[in-house]
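Undergrad: pasting the sequence and the predicted coordinates here, then a few questions.
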Number of protein chains: 2
Amino acid sequence: MSRAVILLSGGLDSATCLLIAREEGFETFALSFDYGQRHRLELERARALAARYGASAHRIVRLDFPGEGASALTDPTIPVPLDSLGSEPIPPTYVPARNTLFLAHALAWAEVVGAPEIFIGANALDYSGYPDCRDEFLRAFEAAANLGTRAGVEGRRFRIRAPLLELSKAQIVALAHRLGLDFELTSSCYDPQNGGRPCGRCDACLLRERGFSEADLEDPLLIPRRQP
Amino acid sequence: MSRAVILLSGGLDSATCLLIAREEGFETFALSFDYGQRHRLELERARALAARYGASAHRIVRLDFPGEGASALTDPTIPVPLDSLGSEPIPPTYVPARNTLFLAHALAWAEVVGAPEIFIGANALDYSGYPDCRDEFLRAFEAAANLGTRAGVEGRRFRIRAPLLELSKAQIVALAHRLGLDFELTSSCYDPQNGGRPCGRCDACLLRERGFSEADLEDPLLIPRRQP
């Protein structure tokens, strides 16, 4: 059985990637990062997802991001933008070189466990502002990965898989639904105040809500808010 | 004053890079990694070098490498090869994706502090067996860095500098000597048993000894061994 490393944040997109890899028959190795993110509940969700969907291993890597002030996702003094979806070319939730770091760690683990494929839930439509969510970056990283590893130079080439790259949020929600994802296990909100309930106003919540609505499905995370 | 991030292991090569960057007029940001390496004395040397040569900041990033058994440099059960210089295409001291990880962290910090240049002491002659010490890998990583960061896409391009890439160890020793490096502050030995004294038998010691000898200079680390 071929192996794959899955970058698993605990959000909807990476959970969908885990299910895609499983559907394709991969033995899955889930990789999450503890980088002092404000929405740490994601890590609990990642644990639950890895367990529920049969990952052979789940690593949580402690990751030091440099400096304060680098991103609204890591610095509590920078407000998470609300009601501002699409208003800035690169949003303040951009974390410097984040996907480069995530992929570098995934690559190291992939080489150790002999996994030729690395899945990342990058999406170029909804997150067009993030430079490291674009196909040209992912292909460039893949090229570097195959030049800078023993496996790569010996011909066991790595592939960076981003199966959600060109999908709309509605398409992702529909795909996840078809694959049987328990949406209640996922977390998307950038705001840590709500104990896992969507704040309904940050970019991630707005995208998720729009996705469910366009897919004509109900987000189980929202049901308790509607029926207090 | 333009800024540069220097990957500083505490060894001779990275120390030389620090002095080259200083000579070129950069304000230097030294970056070291604590990855459970067996030759941890390197980190002490890195601290001393950063302080002595006026780095504006020195970060030591705790880095989780995956799995045991990945490398003789991180797993105490794998022997560091002795007296075997050049005998294997990729030596057991190869650490999966190490330079990819180091450069990813350097890139994140470089973006945060606004440093367009990243110095790495990679060398293609002596370490030809390491795939991530080759120019084609470094250029591929640079391309990915410029596609995957805000600075890169906004035109503040990153450069990965590897000024020692094509130098022999003798040339590096001579260059470091000319730049005034205090060799006693550097550590090269892979073997942790000797408290910073060269074992004289691992690849790193053999290369260093040959370099000093061909440069017609004396390694101060060896003098106490000769005069017990």
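TA: Looks like it came in fine. Keep in mind the model is a prediction, meaning the values are calculated, not measured. Residues are numbered from 1 along each chain as shown, chains lettered A, B, ... in the order given.

Undergrad: may I have the lengthiest helix in chain A exported as CSV, CA atoms only?
TA: Using DSSP state H, we find that the single longest helix of chain A is helix A:98-113. Extracted C-alpha coordinates of helix A:98-113, given in CSV (Å, rounded to 0.1, in the frame of the first residue of the first chain):
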residue,chain,number,x,y,z
ARG,A,98,4.0,29.0,6.2
ASN,A,99,3.4,26.5,3.5
THR,A,100,7.1,26.4,2.7
LEU,A,101,7.7,25.4,6.3
PHE,A,102,4.8,23.0,6.4
LEU,A,103,5.9,21.3,3.2
ALA,A,104,9.5,21.1,4.3
HIS,A,105,8.5,19.2,7.4
ALA,A,106,6.1,17.0,5.4
LEU,A,107,8.9,16.3,3.0
ALA,A,108,11.3,15.2,5.7
TRP,A,109,8.7,12.9,7.2
ALA,A,110,7.7,11.6,3.8
GLU,A,111,11.3,10.7,3.0
VAL,A,112,11.7,8.9,6.4
VAL,A,113,8.5,6.8,6.0
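
Undergrad: ok, then the element right after the top strand by length along chain A?
TA: The single longest strand within chain A, with elements called by DSSP state E, is strand A:27-34. Later in the chain than strand A:27-34, the nearest helix or strand by DSSP states H and E is helix A:41-52.

Undergrad: so what touches the next helix-or-strand element following that next one?
TA: Per DSSP H and E, the first helix or strand lying C-terminal to helix A:41-52 is strand A:57-62. Strand A:57-62 is contacted from outside by A:8, A:29-35, A:43, A:46-47, A:50-51, A:105, A:109, A:113, B:62, B:64, B:66, using C-beta atoms under 8 Å, 6 or more residues apart in numbering or on different chains. Backbone N, C-alpha and C define where each C-beta goes, glycine included.

Undergrad: buried ones in strand A:57-62?
TA: A:57, A:58, A:59, A:60, A:61 (16 or more other C-beta atoms under 10 Å in any protein chain shown).

Undergrad: thinking again about what came up before, out of the contacts of strand A:57-62, which are buried?
TA: Buried, going by 16+ other C-beta under 10 Å: A:8, A:29-33, A:35, A:43, A:46-47, A:50, A:105, A:109, A:113, B:64, B:66, out of the contacts of strand A:57-62.

Undergrad: what's the most distant pair in these?
TA: A:35 and A:113 (22.0 Å; C-beta to C-beta).

Undergrad: returning to that earlier point: closest one to chain B out of the buried residues of strand A:57-62, please.
TA: residue A:61 (4.7 Å; C-beta to the nearest C-beta).

Undergrad: name whatever forms a beta bridge with that closest one.
TA: residue A:33 (DSSP bridges).

Undergrad: and residue A:110, how far from chain B?
TA: 8 Å (C-beta to the nearest C-beta, to the nearest Å).

Undergrad: list the contacts for that residue?
TA: The contact partners of residue A:110, taken as C-beta under 8 Å, 6+ apart, are A:3, A:5, A:29, A:116, A:117, A:118, A:158.

Undergrad: of those residues - the most surrounded one?
TA: residue A:5 (32 neighbours; other C-beta atoms under 10 Å in any protein chain shown).

Undergrad: what packs against the host helix or strand of that residue?
TA: Using DSSP H and E, residue A:5 sits within strand A:3-7. Packed against strand A:3-7 by the contact rule (3 or more C-beta pairs under 8 Å, 6 or more residues apart in numbering or on different chains; DSSP states H and E) you find helix A:12-23, strand A:27-34, helix A:98-113, strand A:117-119.

Undergrad: redo the ones you listed as a markdown table? Include mean pLDDT.
TA: Shown next, in a markdown table, are the helices and strands packed on strand A:3-7 (pLDDT from 0 to 100):
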| stretch | mean pLDDT |
| --- | --- |
| helix A:12-23 | 97 |
| strand A:27-34 | 95 |
| helix A:98-113 | 96 |
| strand A:117-119 | 98 |
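
Undergrad: please report how far the closest residue to residue A:48 other than its chain neighbours lies from chain B.
TA: The shortest distance from residue A:48 to any non-neighbouring residue, by C-beta to C-beta, 6 or more residues apart in numbering or on different chains, is to residue A:185 (5.1 Å). According to C-beta to the nearest C-beta, residue A:185 and chain B sit 25 Å apart.

Undergrad: with residue A:162 instead?
TA: Residue A:162 is 13 Å from chain B, by C-beta to the nearest C-beta.

Undergrad: check the residue lying closest to that residue once chain neighbours are set aside and give its pLDDT.
TA: Distances taken as C-beta to C-beta, 6+ apart put residue A:122 closest to residue A:162, at 4.6 Å, once the chain neighbours are dropped. Residue A:122 carries a pLDDT value of 95.

Undergrad: does residue A:122 belong to a helix, a strand or coil?
TA: Assigned by DSSP: H, G, I helix; E, B strand; the rest coil, the conformation of residue A:122 is coil.

Undergrad: who's in contact with it?
TA: Residues counted as contacts of residue A:122 (C-beta under 8 Å, 6+ apart) are A:99, A:130, A:132, A:133, A:134, A:138, A:162, A:164, A:165.

Undergrad: what's the ChimeraX line that selects buried ones from those?
TA: A single ChimeraX command selects the buried members of these (16+ other C-beta under 10 Å):
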select /A:99,130,132,133,134,138,162,164,165
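
Undergrad: starting at the chain centroid, how far to stretch A:95-113?
TA: 13 Å (C-alpha atoms, centre = their mean, to the nearest Å).

Undergrad: same question for stretch A:16-36.
TA: In terms of C-alpha atoms, centre = their mean, the centre of stretch A:16-36 is found 9 Å from the chain centre.

Undergrad: what do you get for stretch A:204-218?
TA: Worked out by C-alpha atoms, centre = their mean, stretch A:204-218 lies 17 Å from the chain centre.

Undergrad: can you list the weak-confidence ranges in chain A?
TA: Regions of chain A meeting the criterion pLDDT under 70 cover residues A:38-39, A:67-92, A:126-128, A:192-196, A:224-228.

Undergrad: repeat that with 80
TA: By pLDDT under 80, the low-scoring segments of chain A are A:36-40, A:67-93, A:126-129, A:188, A:190-197, A:223-228.

Undergrad: centre-most residue in chain A?
TA: residue A:14 (4.0 Å; C-alpha atoms, centre = their mean).
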